[in-house]
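Colleague: sharing a sequence plus its predicted fold:
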Amino acid sequence: MSGNADDYEAVVKASATEGVAEFEGRKGVLVHIQHALHVNPALVPLFVLVMSIILFGLLLGSKFFSPFALTLILQQVQIVGIVAAAQSLVILTAGIDLSVGAIAVLSSVIMGQFTFRYGIPVEIAVICGLAFGTAIGSINGWLVAVMKLPPFIVTLGMWQIVLAANFLYSRNATIRSQEIEAEAPLLQFLGTTFKIGADADGRGGATFTYGVIAMVLIFALLFYVLSQTAWGRHLYAVGDDPEAAQLSGVNVKATLISVYAATGFICAIAGWALIGRIGSVSPTSGQLLNIESITAVVIGGISLFGGRGSILGPLFGALIVGVFTLGLRLAGADAQWTYLLIGALIIGAVAVDQWIRKVSA
């Protein structure tokens, strides 16, 4: 009898040991995945992007998998992508910039009004627009870094100020496409299209704009700067822990001001691209750029808590939105399905971010 009891106890212990080993094995796999995503946060949006392209490709076939459709996605997201690149810099410092859209639009208005109202050469007008966007960003940075005001409040107020200044300065007037084409085509330069792979008659192939090239170059430059330069390391350090960064010798104030200034400059480029995209200079354009840029950043895996994320993530995030928008439109689905799916992706992205952050907790 005693022997049977010992055998039973041995079996129970063996089963328990196997169960623990199996649980720890599963746990180990999850930890490895969690760590991989912590080191490479852009993997999640990249995976979602690839899967969404495959899904719509299977559902729609050549209707979706065509050079025209795929390059149309790039053209549609170029403005949001550029603004998302700017927004990413601020969010990496654990801040947020609600004025990005207004800065882009006012910069475009400055370019147009300086050219047509004052007769300033268009090249100088474009430079003035870029400088103006940089100046507004610098003011935001000074208020956040030196005056110690919350980024949300600063940029919310600046959004209202710039939005009002936009309408007051432009007198709510639109500079039409015909006028720009006739007198200042440089304003529409980033909207100029060119083809790759077309036949001798110009048919077929992929159609790109210089705005798409500008977007890709901005992301490539920021990827290099953030990963290979001291400024990039300082930016991540400030976003992760500003007090520790200060103690380690990082000039937190200068870093924050430079981040917001760079954000304003990139938004001004988006304003220039906006003229090319819509063909005119309109004070009412780009009203949703704030929300759309934050959406791309969040879906792209950049942590809203700062200090973690890859600059390539927002590019993937913007492309995901573009793929879903075009795919559902080609499928004949109601536009509300796009908002529903994007909303689910936002919540899912934040949940994944919280899970990944446990690695460093």
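Modeller: Noted; the coordinates are in hand. Given the structure is predicted, the values throughout are model-derived calculations rather than measurements.

Colleague: can you pull out the strands in the stretch 201-350 of the chain?
Modeller: 206-209 (DSSP state E, counting those that start in this stretch).

Colleague: that one: helices as residue ranges?
Modeller: 210-228, 230-240, 242-247, 252-278, 289-299, 312-330, 336-357 (DSSP state H, counting those that start in this stretch).

Colleague: now the first one and helix 312-330, what's the angle there?
Modeller: Right, the one you point to is helix 210-228. Angle, helix 210-228 to helix 312-330, by axes from the mean of the first three to the mean of the last three CA atoms, to 10 degrees: 150 degrees.

Colleague: now helix 210-228 and helix 230-240, what's the angle there?
Modeller: Going by the same axes, to 10 degrees, helix 210-228 makes 80 degrees with helix 230-240.

Colleague: so for helix 210-228, what gets flagged as buried?
Modeller: Residues 210, 211, 212, 214, 215, 218, 219, 222, 223, 225, 226 are the ones in helix 210-228 that count as buried (16 or more other CB atoms under 10 Å). Where C-beta positions appear, they are placed from N, C-alpha and C, glycine not excepted.

Colleague: same check, this time on the fourth one
Modeller: Of the residues in helix 252-278, those scored as buried under the neighbour-count criterion (16+ other CB under 10 Å) are 252-253, 255-278.

Colleague: next SSE downstream of whatever helix or strand residue 73 lives in?
Modeller: Under the criterion of DSSP states H and E, residue 73 resides in helix 67-92. Next helix or strand after helix 67-92 toward the C-terminus (DSSP H and E): helix 100-116.

Colleague: tell me the first helix or strand C-terminal of that following helix.
Modeller: helix 122-145.

Colleague: returning to that earlier point: distance from the chain centre to the helix holding residue 73, please.
Modeller: 6 Å (CA atoms, centre = their mean, to the nearest Å).

Colleague: got it, and stretch 256-268?
Modeller: Worked out by CA atoms, centre = their mean, stretch 256-268 lies 14 Å from the chain centre.

Colleague: can you check stretch 326-335 too?
Modeller: That offset, for stretch 326-335, works out to 23 Å (CA atoms, centre = their mean).

Colleague: what does that stretch contact?
Modeller: Contacts with stretch 326-335, where a contact means CB atoms under 8 Å, 6 or more residues apart in numbering, come from 52, 55-56, 59-60, 63-64, 69, 72-73, 76, 337-338, 341.

Colleague: for it, buried residues please.
Modeller: Going by neighbour count (16+ other CB under 10 Å), the buried part of stretch 326-335 is 326, 327, 328.

Colleague: possible to save the residues you listed as CSV with pLDDT?
Modeller: Putting those into CSV (pLDDT from 0 to 100) gives the following:
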residue, pLDDT
326, 91
327, 91
328, 90
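
Colleague: can you tell me which of those is nearest residue 118?
Modeller: Distance to residue 118 across the buried residues of stretch 326-335 (CB to CB) is lowest for residue 326, with 40.0 Å.

Colleague: I'd like the distance between that closest one and residue 273.
Modeller: According to CB to CB, to the nearest Å, residue 326 stands 19 Å off from residue 273.

Colleague: ok, residue 321 next?
Modeller: 17 Å.

Colleague: got it, and residue 222?
Modeller: Distance, residue 222 to residue 273, using CB to CB: 16 Å.

Colleague: which intervals of the stretch 51-200 of the chain have sub-threshold pLDDT?
Modeller: Scanning the stretch 51-200 of the chain for pLDDT under 70 picks out 198-200.

Colleague: let's go with 80 and repeat that
Modeller: 197-200 (pLDDT under 80).

Colleague: and what of the stretch 251-361 of the chain?
Modeller: Using pLDDT under 80, the flagged stretches of the stretch 251-361 of the chain are 352-361.

Colleague: ramachandran angles for residue 175?
Modeller: phi -90, psi 120 (degrees, to the nearest 10).

Colleague: so what's it up against?
Modeller: By CB under 8 Å, 6+ apart, the neighbours of residue 175 are 112, 113, 116, 280, 281, 282.

Colleague: quick one: which of the helices of the stretch 201-350 of the chain is nearest residue 134?
Modeller: Comparing those by CB to CB, helix 252-278 comes nearest, at 4.3 Å.

Colleague: identify the residues contacting residue 203.
Modeller: Contacts of residue 203 (CB under 8 Å, 6+ apart): none.

Colleague: how close does it sit to residue 257?
Modeller: 51 Å.

Colleague: ok, now residue 120?
Modeller: Taking CB to CB, one finds residue 120 at 28 Å from residue 257.

Colleague: for residue 194, helix, strand, or coil?
Modeller: Here residue 194 is strand, with the state taken from DSSP: H, G, I helix; E, B strand; the rest coil.

Colleague: can you tell me the closest non-neighbouring residue to it?
Modeller: residue 208 (5.9 Å; CB to CB, 6 or more residues apart in numbering).

Colleague: same question, residue 52
Modeller: Residue 52 sits nearest to residue 323 (CB to CB, 6+ apart), 4.9 Å away.

Colleague: circling back to that earlier point, now the helix holding residue 73 against helix 252-278, angle please.
Modeller: Using the same axes, to 10 degrees, helix 67-92 lies at 160 degrees relative to helix 252-278.
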